[in-house]
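Undergrad: After the sequence you'll find the predicted model.
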Amino acid sequence: MSPRPVARALGLAAVLLALVAGCARFPDASDEPWRDKPEIGAERAPQPQSPSPSEPQAPSAPPGGAAAPPGECVDPDPQVVATCLAPVSAVVTLPGGQAALVAERTTGRILRVAPQTAPEVVATVAVDAAGDGGLTGLVLSPSYAEDQLLYAYATTPAGNAVLRIAPGDVPKPVLSGIPSGSVDNRGAIGVEPSGTLLVATGDAGTTPTATSLAGKLLRIDPFGRPAPGNPDPASPIIGSGLRSPGDACADPTSNTTWVTDRAGARDVLLGIRPGAPAGTAAAAAPAWTWPDRPGVSGCAAGGGTLLVGLSDARGLFVLKPTAEGRFVGPPETVLQNTYGRISGADLASDGFVWFGTVNKDPGGAPGATDDRVVRIRPPSGGGSGPD
C-alpha cells in the first residue's frame with residue numbers, strides 16, 4: 001500500500017474515534033371573617049394523553065446558566081418540560097398527570113405541554129398585558145371530563161374578566177365589568193372542593209367601593225352567576241380587601257381553598273372555607289403572612305403539602321396543612337435560585353409538582369432557555385402551628 005492511502009485511512013480512523021468519544025411569620029388564627037381592608041356593607045380541545053415521561057430527580061445545581069445549543073432551545077435539566085416561553089403565569093395539570101396546560105401572561109396563549117413533546121397552542125386570549133395585566137389565571141372546568149371547558153382570568157382590552165373557553169371556540173366572557181388599571185390587574189381563578197368557581201381579583205390600583213368587583217373574592221357558577229350559598233344571593237362577592245392575588249388552589253383534605261395575595265405591606269395566604277354565615281364578608285382569615293414580601297404567586301395543595309411559588313425570592317415555599325387548616329412542622333423554602341422566579345403551580349394526580357417561571361417579567365434575569373415549565377417530585381417541608 002502506498003503512503004497516501006495509509007495516511008487517508010489513519011485520518012478516517014481518527015475522525016471516527018473522535019465522534020465516538022464525543023458521543024414568616026404566623027398570625028393569630030381566628031374564626032372571624034377576613035377583611036384586610038374593611039368596607040361598608042381556541043384552536044383545538046386540550047387532550048389529556050401524552051407519552052409517559054421519565055421520572056425526574058431533584059436538581060443538584062442551578063441549571064439556569066446553561067446555554068442552549070445555537071439555533072435550539074433545549075434545557076439540559078431533565079425536569080424541564082418546556083422552554084423559551086413567554087412568562088408563565090398559570091399552570092394546570094390534565095387528568096393522568098402526564099401533561100399540563102400553561103398560560104403565557106403577555107401573549108394570552110394557552111399551551112399544552114408534556115415531557116419530550118413540543119408545546120401546542122390550544123387557545124389564545126386577546127389580552128392587554130400592560131403593567132402586570134394579561135392572562136393571569138387558568139383552571140379546568142369542574143366537569144372537565146365531560147365538557148372539556150377551561151376558565152381563565154385575563155385583562156382584556158375592555159377590562160378584567162372571567163372567560164370560558166370551549167374546544168374549537170373563541171374565549172367568551174362569563175363575568176365582565178371587573179375594573180382594570182395601570183397596576184394590580186393580576187387575578188386568579190380556582191375550583192373549590194365543592195366544585196364552585198372561586199375568583200380573586202386585583203384592586204386595579206384603586207380603593208374599590210363595596211359593590212365594585214375589584215379587590216374581591218367572588219364565588220360564581222359556570223355561567224358567571226352568584227353561586228348558591230353566597231352571603232348575598234344576588235352578589236358574587238364573598239370577601240374584600242385583596243390587592244394583587246396570585247393564585248387560588250383547592251385542598252380537599254382540609255376543605256380549604258388557599259389564595260395568595262401581595263397585600264401591600266406584606267404578602268399573605270388566605271384560607272377560604274365555604275359556608276360563611278349570611279351577612280359576613282367570607283369564612284376566611286389570613287393563615288400565613290410574609291412581612292418580607294417574597295412575591296407570592298402560584299400555589300398547589302394536596303397530600304398534606306401546600307406549595308407557594310415565590311417570584312421575588314426565587315423559590316418554592318413549603319407548608320404542611322392539617323385537616324383543620326392549620327400548619328405543623330417548620331416551614332421550608334426549596335429550589336431557591338434554582339429556576340429563578342417561580343410563578344403558577346399545580347399538583348398533578350400522579351403526585352408530581354408542575355410550575356412555571358416568569359424570569360422574562362420586569363425584575364427577572366432570564367437565562368438562555370427561559371421561560372420554562374418544570375415537573376418535579378414534591379419537596380418535603382412544613383409549617384409552624386399557632387402559639
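TA: Looks like it arrived, so ask away.
Undergrad: So, low pLDDT: which residues of the protein?
TA: Scanning the chain for pLDDT under 70 picks out 1-71, 275-285, 380-387.
Undergrad: Name all residues that make contact with the residue nearest the centre of it.
TA: Ranked by distance to the mean C-alpha position of the chain (C-alpha atoms, centre = their mean), the top residue is G344 at 1.8 Å. By C-beta atoms under 8 Å, 6 or more residues apart in numbering, the residues touching G344 are 88-91, 102-103, 138, 247, 297-298, 309, 355-356. Backbone N, C-alpha and C define where each C-beta goes, glycine included.
Undergrad: Closest one to P222 out of those residues, please.
TA: Distance to P222, by C-beta to C-beta, is smallest for L138 among the contacts of G344, at 15.1 Å.
Undergrad: What helices and strands are in contact with the helix or strand hosting that closest one?
TA: Using DSSP states H and E, L138 falls within strand 135-140. The contact analysis (3 or more C-beta pairs under 8 Å, 6 or more residues apart in numbering; DSSP states H and E) places strand 135-140 against strand 88-93, strand 100-104, strand 109-114, strand 150-156, strand 188-191.
Undergrad: neighbouring contacts of the shortest one?
TA: Contacts made with strand 188-191 from outside it, assessed by C-beta under 8 Å, 6+ apart, are listed as 90, 136-140, 142, 151-153, 162, 197-200, 245-250, 257, 259-260.
Undergrad: at 6 Å instead, please
TA: Strand 188-191 is contacted from outside by 137, 139, 142, 151, 153, 198-200, 245, 247-250, 257, using C-beta atoms under 6 Å, 6 or more residues apart in numbering.
Undergrad: Secondary structure and distance to E332 added to those residues, as TSV?
TA: Output for the contacts of strand 188-191, formatted as TSV (DSSP: H, G, I helix; E, B strand; the rest coil; distance: C-beta to C-beta, whole Å):
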residue	secondary structure	distance to E332
G137	strand	27
V139	strand	27
P142	coil	32
Y151	strand	32
Y153	strand	29
L198	strand	27
V199	strand	30
A200	strand	25
P245	strand	23
D247	strand	19
A248	strand	23
C249	strand	18
A250	strand	22
T257	strand	23
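Undergrad: farthest-separated two in those?
TA: The most widely separated members of the contacts of strand 188-191, counting by C-beta to C-beta, are P142 and P245 (20.0 Å).
Undergrad: With neighbour numbers in mind, choose between those two.
TA: P245 (31 against 18; other C-beta atoms under 10 Å).
Undergrad: can you pull the contacts of the residue lying closest to the more buried one once chain neighbours are set aside?
TA: Leaving aside its chain neighbours, P245 sits nearest to A200 (3.7 Å; criterion: C-beta to C-beta, 6 or more residues apart in numbering). Going by C-beta under 6 Å, 6+ apart, A200 touches A188, L217, L242, P245, A248, V259.
Undergrad: Alright, calling it a day.
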